[in-house]
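>>> give the three-dimensional model of this entry:
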Amino acid sequence: MYNTTPTKKTGRIISWVCGFLFVAFSAFYLYFMQADLLATVQHVMSAGNTVYSPLWGMVVLVAVLLLLQGLWHKVLSFPLRFYALGYFPSCLALGLVTSAVPGGNGSVEWVANWWGISACIVLYVVLVWIVKHFPDMKGGHSYVFSYLWPNFFLLFLLFIMTGSIADTNDVRHYRLQVERLIAENQERKALDVGRNSLHADRGLTAMRAFVLSRTGAIGERLFEYPQYYGSGGLMPELSDTIYVHGWTDSLYVHLGGKPGKGLSGPVEFLEVLSRLPSATPAANDYLLCALLLDKRLDDFAATLPRFYSLDGNLPLHYKEALILYNRLRTSPTLTYKDASVEANMDDFVRYEAQYSDSVERANQCRRMYGHTYWWYYYYQPLP
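Residues are numbered from 1 along each chain as shown. Here you go, the predicted structure:
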């Protein structure tokens, strides 16, 4: 199929194809990749008075962006071979909207690279000036695809520009997604978010501990995830106001109490809570895990019998901690034996001995034993 000059039919094809690609990209980007971020930003900007709908938010934003493209194209009337240049303002706006992130004290910040955006605008102005002086070729035979492929290439570049402007902090996106999944009671999916990443912040760490506790696995799987905050990683900051779904209220109901002022930290709060009638079994596990996270093995050994009998039903991390405690103390106050766990620790010790360099030893042991309490105790520094 070819034409001697661009016809109205060719123009419609290019317009529809470019429009379809832009709508498909924008809809996928807004609904699947940025919905949690937009929901949080709207929550912060409205002081929690409005709720963001991923579907309707996507529909409204895409409609506005298409309207912006139509108006811009009418102003400049791009040649068909460069029709996609009319989507530059829309892609720029899409990137800027999704570069807004919640900041401190209920504020919103933009994380876009303004120097990079300025460079893109300058390049765009130069490119528009050039193409306006080189309109579509007249005469000769031109396939419709000869008009389409430059537009495909331009759209590809514009989509990359959008992604480079937007917020790409993986930990922030993990945290927002996990919070939503907690509200939807999708614990398994929540635990899979960012599972293979070594990056985490305090909010994400606290959310994961909460999900593990709700599934009864905090004593079994807590150290499968990065723990950089000691016992502080079990509890959210009381001053945090960025949460959309109110997961912290569910956490305090789950534990049977909420920390108040005057407490020195999570361990003190959980110790006090564990002695109150309102405390739940989850609060007991939180206290034991807090002691492990702070590497307080003596306190852990003294506290464990209050909540558990020393039998084979102990959670895995508690077994690992007791075996380690018995090996480190010449006169332990609590004696515990488990042949399987002891054999695993022997393997851990032998594996350690293979590496003389401390950095290599820590990295290699993380690869094989990073999910154990032993690796955390020996190689994860306390905050």
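>>> mind listing what's buried along the helix or strand encompassing residue 345?
If you go by DSSP states H and E, residue 345 is part of helix 339-353. Residues of helix 339-353 classed as buried: 341, 342, 344, 345, 348, 352 (neighbour count, 16 or more other CB atoms under 10 Å). All C-beta spots, glycine's among them, are computed from the backbone N, C-alpha and C.
>>> next one: the first one from residue 375, what distance?
To residue 375, residue 341 is 14 Å away according to CB to CB, to the nearest Å.
>>> show me where the stretch 1-150 of the chain has strands.
2-3, 100-102, 108-110, 142-143 (DSSP state E, counting those that start in this stretch).
>>> so after the helix holding residue 345, what's the next helix or strand?
Assignment by DSSP H and E places the next element after helix 339-353 at helix 358-369.
>>> list the contacts of that next one.
Contacts of helix 358-369 with the rest of the structure, by CB atoms under 8 Å, 6 or more residues apart in numbering, involve 348, 351, 352, 354, 355, 375, 378, 379.
>>> residue 229 is in contact with residue 205, isn't it?
Yes. Counting by CB atoms under 8 Å, residue 229 touches residue 205, with 5.9 Å between them.
>>> so if I had to pick from these two, which one is more boxed in?
Counted by other CB atoms under 10 Å, residue 229 and residue 205 do not tie: residue 205 has more neighbours, with 23 against 18.
>>> that one contacts residue 226, doesn't it?
Yes. At 7.3 Å, residue 205 counts as touching residue 226 under the criterion of CB under 8 Å.
>>> circling back to that earlier point, give the other helices and strands that the helix holding residue 345 contacts.
Contacts defined by 3 or more CB pairs under 8 Å, 6 or more residues apart in numbering; DSSP states H and E place helix 339-353 against helix 316-328, helix 358-369, helix 373-379.
>>> on that earlier part again, of all the strands of the stretch 1-150 of the chain, which one is nearest residue 270?
strand 100-102 (27.9 Å; CB to CB).
>>> elements contacting that closest one?
Short answer (3+ CB pairs under 8 Å, 6+ apart): strand 100-102 packs on helix 35-45, strand 108-110.
>>> helix, strand, or coil at residue 310?
What DSSP: H, G, I helix; E, B strand; the rest coil gives for residue 310 is coil.
>>> tally of neighbours for it?
16.
>>> for the one 10 residues further on, same thing?
The local packing of residue 320 (other CB under 10 Å) involves 26 other residues.
>>> with residue 198 instead?
With other CB under 10 Å as criterion, residue 198 counts 10.
>>> likewise residue 219?
Neighbours of residue 219 (other CB under 10 Å): 21.
>>> quick one on the thing from earlier: quick one: average pLDDT of the helix holding residue 345?
Helix 339-353 shows a mean pLDDT of 96.
>>> got the contact list for that helix?
Under CB under 8 Å, 6+ apart, the answer for helix 339-353 is 316, 319-320, 323-324, 327, 361, 364-365, 368-369, 372, 374-375, 378.
>>> and stretch 91-104, by the same measure?
Contacts of stretch 91-104 (CB under 8 Å, 6+ apart): 26, 29-30, 34, 37-38, 40-41, 44, 61, 65, 68, 108-112, 117, 120-121, 158-159, 161-167, 169, 172, 242.
>>> quick check, residue 31 in contact with residue 52.
No. Between residue 31 and residue 52 there is no contact, the gap being 11.6 Å when judged by CB under 8 Å.
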